[in-house]
Each structure stands twice: as C-alpha cells, then as structure tokens.
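> The amino acid sequence is not available; the structure is as follows:
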C-alpha cells in the first residue's frame with residue numbers, strides 16, 4: 001500500500017484508472033498497446049495546476065494523447081493572432097452589444113438625491129431673469145441718502161453731481177413725486193437725518209429743472225408736509241408709535257423752516273412764511289396733550305427754532321413766544337408730567353429769558369461782522385492752549401494761540417530720505433528733576449528689598 005503512495009503535495013489528485021469514466025475506450029486501448037509502464041510514466045506524471053489562470057490562451061483541440069502534457073499546452077494559432085490584431089473591433093462589438101442589452105434610456109427622468117430640493121427659478125413681473133437689471137430711481141436715491149447719512153460732511157462735495165444725475169432721471173411728474181416721498185420718508189424716519197434732509201430739500205428746490213403743471217419740487221414737498229399737518233390733533237393723542245412718528249415730522253419741519261430759502265422780490269432769500277405759522281400750530285397741539293413725549297418734542301423744537309421764531313414774530317408785531325412761555329409755566333405747575341420733563345421746561349424758560357443764549361445788541365445777520373456782532377463767532381469751535389485755557393476765533397490772540405497748537409502738533413516732523421523711506425532719530429528723553437529723583441529713590445528701595 002505504501003509503494004504507490006506519493007507524498008508530494010497534490011500528488012495523485014487526477015489519478016484515473018484505464019477503465020475510468022474520464023477516458024474513452026479508444027484511449028484505453030491505446031494505453032494498453034503502449035504498455036502499462038509507459039502509460040503510468042506519461043499519464044501519472046501529468047499534474048493539473050491548482051487554479052487555472054483567468055486569461056489562459058485557448059487549448060489545442062486534438063485527439064492525439066501521446067502525452068497529457070502536450071494536450072494541455074497552449075498553442076498560438078493564426079486565428080488567435082488575428083483576434084489579437086482586431087481587439088478594437090471586438091471592443092466596439094462588445095460595447096454595441098452592451099448598449100443593445102442595456103436597460104438605460106435617454107428618456108429616463110432626472111435623478112435627485114433623497115433630501116435634495118430642486119432650485120426653482122425666480123420669475124419677475126417684467127419677464128426678466130433678474131440679471132443685469134437696471135437700477136431704479138428708488139435704489140439710486142436710497143443709496144445716495146444712505147451715503148449722506150453715513151458721512152454728512154460730503155454733502156457739499158457730491159450734491160452737484162447727484163443733482164445732475166437726478167435731473168437726468170426725474171423727467172415726469174410721477175418720478176418727481178416719488179423723489180419727494182423718498183426724501184421725506186428718510187428725513188422723518190431717521191432723526192439724525194432731519195438737518196441733512198432739509199439742506200437737500202433746499203438745494204433740490206433751487207436746482208431741479210423739472211417743473212410740471214402740478215408744481216415744482218418745493219411745492220410738492222410742502223403739500224406732503226401739509227398732509228401730516230392736518231392730522232396733528234389726532235397724532236398727539238395717538239399711540240406711542242403714532243406720536244413718535246409725529247414728533248420726527250415736527251422736528252424735520254423745524255429744520256426745513258431754518259434751511260429752506262425762498263427768493264423774495266427784493267432778490268434776498270427769505271424763509272417760508274407758511275412754515276412759520278405751521279410751527280406755531282404744531283407747538284400748540286403738543287402742549288394741548290402735555291404727556292412726556294409731546295413735551296420733550298416741544299422743548300427740542302423751541303431750542304432749535306426758538307430764537308428765529310421769536311424774531312420773526314416780533315417783526316410782524318405778534319407775541320406768540322410770550323404766550324408759549326406762559327403756557328409752559330402753567331404746565332409746570334399743573335400738568336402731571338414727570339419731574340425730569342418739568343426740569344427741561346424750566347431750563348427752556350431760562351434759556352428764553354437770556355435771549356436764547358445770544359449777547360444782547362447783536363447786529364442783524366445780513367450786517368453782522370466780527371467787529372459789530374459779538375455773536376459772529378458763536379458757532380465757532382473751541383480750542384485749548386497747552387495749559388488748558390480755552391479760546392475761540394473771537395479771542396484777540398486767536399492767531400498766535402492757534403499757530404502754537406499747530407507747532408505743537410508738528411513738534412516731531414517726519415524726516416524722509418531721498419528714496420522716500422522714513423528716517424528715525426533717537427531722541428534722548430530728559431526727565432524732570434523731581435521725576436528723576438523719585439525714580440532713583442524707587443530703584444534704591446527696590447534694591448534693598450531684594451537684599
């Protein structure tokens with residue numbers, strides 16, 4: 001039993017007897033003729049590999065079994081050579097076969113992920129796709145108003161260019177009314193913009209070229225203010241939001257009275273008389289309902305326009321300011337307003353008693369000069385000397401003191417080399433004797449503590 005046992009790995013895996021079903025009768029006869037020994041030597045030495053290669057070349061089909069190894073040996077035939085030379089054609093045929101048998105279709109619906117929401121195209125009323133749309137008048141004006149609100153100092157520099165642009169845009173009555181509404185809304189909705197808005201209204205009323213039959217810019221603006229003016233009695237008794245909106249309108253109207261110029265027959269500019277009477281009625285309406293909000297608005301309005309209103313009323317022989325002061329004193333005594341508001345009213349009365357902070361004997365504004373009007377420099381900025389002494393342009397030594405400030409600011413001038421680079425110099429700081437003595441004392445005490 002051990003003689004025919006082969007211990008080599010895989011040995012005897014394909015051992016078949018001559019009469020095994022794996023061999024035909026003809027092959028068995030041939031093996032018998034060749035001799036039993038030769039058959040064992042040629043057949044049992046044949047060992048199949050454990051695994052056939054995936055891309056093995058084709059085997060030669062032959063019945064010649066002179067050796068089992070010869071029957072399994074790959075042979076390159078002419079057909080195989082032709083096949084290798086026509087590989088692209090075979091690939092094309094295989095691709096066309098896949099396309100014919102494929103279940104994909106060009107008419108299949110689009111695939112979307114599970115949680116994907118398709119983007120819907122926005123449609124506009126004018127039929128545009130939203131790209132490269134022209135700027136509207138509202139966007140143009142709002143951008144300019146926002147710029148003025150952020151930097152009011154640029155008003156003088158950019159108002160001419162903006163007016164030229166508006167003259168090109170505002171060519172119909174409809175666009176003119178839209179412009180008036182935009183400026184009015186901005187001026188009454190943002191408290192700090194009332195002054196700039198009034199200046200803008202004054203400039204546009206003089207430089208806008210359009211003048212439709214319904215009226216020019218100034219007339220349409222006054223008509224818009226007239227609408228709010230007629231609702232004053234209801235507004236002062238309304239809710240908090242209504243009162244707040246009405247107060248912004250009152251303050252804007254005060255700025256408009258101070259800044260809106262109307263050319264008179266004499267050629268000199270004057271203020272709008274219609275706004276003068278409107279401010280009197282608005283003040284009476286605020287005092288008719290003496291709550292804190294209305295009283296605070298009245299105080300702000302009179303601080304802003306009190307001196308101008310009183311001068312105008314005195315010129316026409318009216319004593320409206322005396323009546324308003326008497327009414328304020330009655331409110332302080334009888335009204336149930338807060339203590340802080342009463343203090344504001346009393347300070348307003350004191351301000352009026354001092355001629356609104358003006359020096360008496362001042363000349364008219366048209367004749368004022370630094371020599372005859374002590375109020376000429378009233379709105380000038382205040383400067384301070386090195387020792388903290390304040391001075392203004394009215395000070396006789398203004399020029400010398402102001403030059404001293406300029407010299408002090410330029411004490412360390414910038415030095416530049418020829419190539420433009422800054423050149424720094426080391427400056428030795430000189431200590432005050434007292435500071436130097438104290439510093440030395442501090443150093444000695446610190447050294448003693450260390451020891």
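Now that the structure is in, tell me what you want to look at. Because the structure is predicted, anything quoted here is derived from the model rather than measured. Numbers count the residues shown, from 1 in each chain.
> What is the neighbour count of residue 436?
For residue 436, the count of nearby residues is 11 (other CB atoms under 10 Å). (C-beta placed from N, C-alpha, C; glycine too.)
> I meant residue 246, not that one.
23.
> Over to residue 223?
Look at residue 223: counted by other CB under 10 Å, it has 13 neighbours.
> Surely it and residue 215 touch.
Yes. With contact defined as CB atoms under 8 Å, residue 223 counts as touching residue 215 (7.2 Å).
> Show the backbone phi and psi for residue 210.
phi -70, psi 140 (degrees, to the nearest 10).
> swap that for residue 335, please
Dihedral angles (degrees, to the nearest 10) for residue 335: phi -70, psi 150.
> Can you give me the buried ones in stretch 335-350?
335, 337, 341-342, 344-345, 348 (16 or more other CB atoms under 10 Å).
> of the residues you listed, closest to residue 167?
residue 348 (42.8 Å; CB to CB).
> excluding its backbone neighbours, what's nearest the closest one?
Sequence neighbours aside, residue 299 is the residue nearest to residue 348 in space, at 5.3 Å (criterion: CB to CB, 6 or more residues apart in numbering).
> who does whichever strand or helix holds that neighbour touch, helix- and strand-wise?
According to DSSP states H and E, residue 299 maps onto helix 292-315. The contact analysis (3 or more CB pairs under 8 Å, 6 or more residues apart in numbering; DSSP states H and E) places helix 292-315 against helix 240-259, helix 273-288, helix 320-334, helix 339-353.
> Turn these into a markdown table, columns for mean pLDDT and distance to residue 433.
Below are the helices and strands packed on helix 292-315 laid out as a markdown table (pLDDT from 0 to 100; distance: least, CB to CB, whole Å):
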| stretch | mean pLDDT | distance to residue 433 |
| --- | --- | --- |
| helix 240-259 | 94 | 57 |
| helix 273-288 | 93 | 64 |
| helix 320-334 | 91 | 59 |
| helix 339-353 | 92 | 49 |
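> from those helices, which stretch is densest packed?
helix 240-259 (a mean of 20; mean count of other CB atoms under 10 Å).
> and for it, what are the contacting residues?
Residues outside helix 240-259 that contact it (CB atoms under 8 Å, 6 or more residues apart in numbering): 184, 187-189, 191, 194-195, 197-199, 201-202, 225, 228-229, 231-232, 234-236, 238, 271-272, 275-276, 278-279, 282, 286, 291, 293-294, 296-297, 300-301, 304-305, 308.
> Break this structure into its domains for me.
1-48, 137-292 (automatic domain parsing).
> which stretch in the ones you listed has the least confidence?
For these, the bottom mean pLDDT is recorded on domain 1-48, which sits at a mean of 48.
> Can you read off the backbone torsions of residue 110?
phi -70, psi 150.
> Could you report the separation of it from residue 326?
Separation of residue 110 from residue 326 (CB to CB, to the nearest Å) stands at 82 Å.
> related to what we said a few turns ago, quickly note the distance from the residue nearest to residue 348 to residue 282.
On the measure of CB to CB, residue 299 and residue 282 end up 13 Å apart.
> ok, back up a step: which residues do residue 223 and residue 215 both contact?
If you check residue 223 and residue 215 against CB under 8 Å, 6+ apart, no residue is contacted by both.
> Could you list which residues are in contact with residue 355?
residue 307.
> show me where pLDDT drops low in the stretch 351-451 of the chain?
Within the stretch 351-451 of the chain, the segments meeting pLDDT under 70 span 359-389, 391-398, 401-402, 405-406, 408-431.
> among the domains of the chain, which is nearest residue 440?
Nearest to residue 440 among the domains of the chain is domain 137-292; the distance by CB to CB comes to 51.0 Å.
> how close does the residue lying closest to residue 312 once chain neighbours are set aside sit to residue 211?
Spatial nearest neighbour of residue 312, chain neighbours left out: residue 276 (5.6 Å); criterion: CB to CB, 6+ apart. Distance from residue 276 to residue 211, counting by CB to CB: 25 Å.
> Number of residues surrounding residue 237?
Residue 237 has 14 neighbours, counted by other CB under 10 Å.
> Please, which helix or strand holds it?
Short version, using DSSP H and E: residue 237 is in no helix or strand.
> what sits against it?
By CB under 8 Å, 6+ apart, the contact list for residue 237 reads residue 289.
> what does residue 217 give?
Applying CB under 8 Å, 6+ apart, we find residue 217 in contact with 176, 179-180, 201, 204-205, 208, 210.
> ok, now residue 135?
Listed by CB under 8 Å, 6+ apart, the contact set of residue 135 is empty.
> helix, strand or coil for it?
Put simply, residue 135 is coil when judged by DSSP: H, G, I helix; E, B strand; the rest coil.
> do the same with residue 215
coil.
> neighbours around it, how many?
Neighbour count for residue 215, taken as other CB under 10 Å: 16.
> Roughly how far does it sit from residue 171?
Using CB to CB, residue 215 is found at 16 Å from residue 171.
> Could you do residue 316 as well?
With the distance defined as CB to CB, residue 316 ends up 40 Å from residue 171.
> Same check on residue 189?
Residue 189 is 27 Å from residue 171, by CB to CB.
> Can I get the domains of the chain in a markdown table including distance to residue 404?
Converted to a markdown table, the domains of the chain look like this (distance: least, CB to CB, whole Å):
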| stretch | distance to residue 404 |
| --- | --- |
| domain 1-48 | 111 |
| domain 137-292 | 27 |
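> Right, I'll leave it there.
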